[in-house]
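1. need coordinates for the below:
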Amino acid sequence: MTQSIIFTGFLASLIAGLATVLGALPILSIGKPTEKQQNVFLGFAAGVMLAASFFSLIIPGIEQAQQQGAGKAQAAAIVVAAVLLGAFTISQINRFVPPLDTIGVGPTGIAEATFRRVWLFVAAITLHNFPEGLAVGVSFGGGDMAAGTATALGIGLQNIPEGLAVAAALTTIGYSARAGVLAALASGLVEPIAGLFGVTLVFLSAPLLPWGLGFAAGAMIYVVASEIIPQTHSRLELRPLANVGLMVGLGMMMFLDVSLG
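-> Here you go, the predicted model:
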């Protein structure tokens, strides 16, 4: 029975993670975006990240902490601390990690500011997929198949716009559409790893889940505020397009999170 639950939790988190590819597939027909499309895509990505931070991570993190016995104030304090820790960690990584091309990682030019911003964004999306996969695993690990299935379905559908956001962001800095789709796939494959961890170590991972959710939210919000939005607003005439993309991404992700949460 235990092995069956572990396998089911892993399989469900794998399917949810693979949903990122579905979102990325339209990039294959769009190809390399124009400068205007780049701003729309990056704005869309920022909106997706902001909505996911609050509705997929912060609010569920507070709810998880309360379910584990924390009061409202204590639950909020835990998640706030995790959010600040996530933002601080990303800020320090951005500060101290040397330009990647100087250490033989990535193509020439990856050290440029735009490359660093986009890769930070991709890293933040990938990081946020870990606690989501953990949530799926924990849901199944508790023995409630209906709750686990609902969690996996909701997260899988939310991963579709995230996959588009990852693929679109990478095409804006010169990567091929195929590379963007593969990167979206890689970011989603974090979820089954986390799901397996969560379902097998549910008693250990459940108390840590609010911290993981808050940490990922802080990392994502920091990247959006410090990197993505400033880049999309660097040219005055392109700001309206970026703002439209941001609001569309925000609205789409908010709807999915609330309706499927």
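
2. only C-alpha atoms from now on, for both contacts and neighbour counts.
-> Fine.

3. list the buried residues of the helix or strand where Ser259 lies.
-> Assigned by DSSP states H and E, Ser259 belongs to helix 239-260. Within helix 239-260, the residues scored as buried using 16 or more other CA atoms under 10 Å are 239, 241-254, 256-257.

4. check contacts around Ile62.
-> Contact partners of Ile62, counting by CA atoms under 8 Å, 6 or more residues apart in numbering, are 72, 75-76, 78-79, 210.

5. return the distance of the longest helix along the chain from the chain's centre.
-> In the chain, assigned by DSSP state H, the helix with the most residues is helix 113-141. With CA atoms, centre = their mean, to the nearest Å as the basis, helix 113-141 stands 4 Å off its chain's centre.

6. can you check stretch 69-76 too?
-> In this view, stretch 69-76 has its centroid 25 Å away from the chain centroid, taken as CA atoms, centre = their mean.

7. list the helices and strands the helix holding Ser259 packs on?
-> helix 35-51, helix 145-171 (3 or more CA pairs under 8 Å, 6 or more residues apart in numbering; DSSP states H and E).

8. tilt between that helix and helix 145-171?
-> Interaxial angle, helix 239-260 versus helix 145-171 (axes from the mean of the first three to the mean of the last three CA atoms, to 10 degrees): 170 degrees.

9. average pLDDT across helix 239-260?
-> Regarding helix 239-260, the rounded mean pLDDT is 84.

10. contacting residues around that helix?
-> Residues outside helix 239-260 that contact it (CA under 8 Å, 6+ apart): 36, 39-52, 55-56, 153-154, 157-158, 161, 232-233.

11. are any of those residues buried, and which?
-> When the contacts of helix 239-260 are checked for burial by 16+ other CA under 10 Å, the buried set is 39-52, 55-56, 153-154, 157-158, 161, 232-233.

12. quick check: next helix or strand after the strand or helix carrying Leu185?
-> Assessed by DSSP H and E, Leu185 sits inside helix 177-188. Heading C-terminal from helix 177-188, the first helix or strand you meet, by DSSP H and E, is helix 190-200.

13. how about the CA coordinates for stretch 229-238, as PDB?
-> Provided in PDB are the C-alpha atoms of stretch 229-238 (Å, rounded to 0.1, in the frame of the first residue of the first chain):
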ATOM      1  CA  ILE A 229      10.000  45.100 -14.600                       C
ATOM      2  CA  PRO A 230      12.900  47.500 -14.800                       C
ATOM      3  CA  GLN A 231      14.000  45.800 -18.100                       C
ATOM      4  CA  THR A 232      10.500  46.000 -19.700                       C
ATOM      5  CA  HIS A 233      10.300  49.700 -18.700                       C
ATOM      6  CA  SER A 234      13.700  50.700 -20.000                       C
ATOM      7  CA  ARG A 235      12.200  52.200 -23.200                       C
ATOM      8  CA  LEU A 236       9.300  54.600 -22.700                       C
ATOM      9  CA  GLU A 237       7.400  53.700 -25.900                       C
ATOM     10  CA  LEU A 238       7.400  50.000 -25.000                       C
END
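
14. which elements pack onto the lowest-mean-pLDDT helix or strand in the chain?
-> Lowest mean confidence among the helices and strands of the chain (mean pLDDT, DSSP states H and E): helix 113-141, at a mean of 73. Judged by 3+ CA pairs under 8 Å, 6+ apart, the packing partners of helix 113-141 are helix 2-24, helix 145-171, helix 177-188, helix 190-200, helix 202-223.
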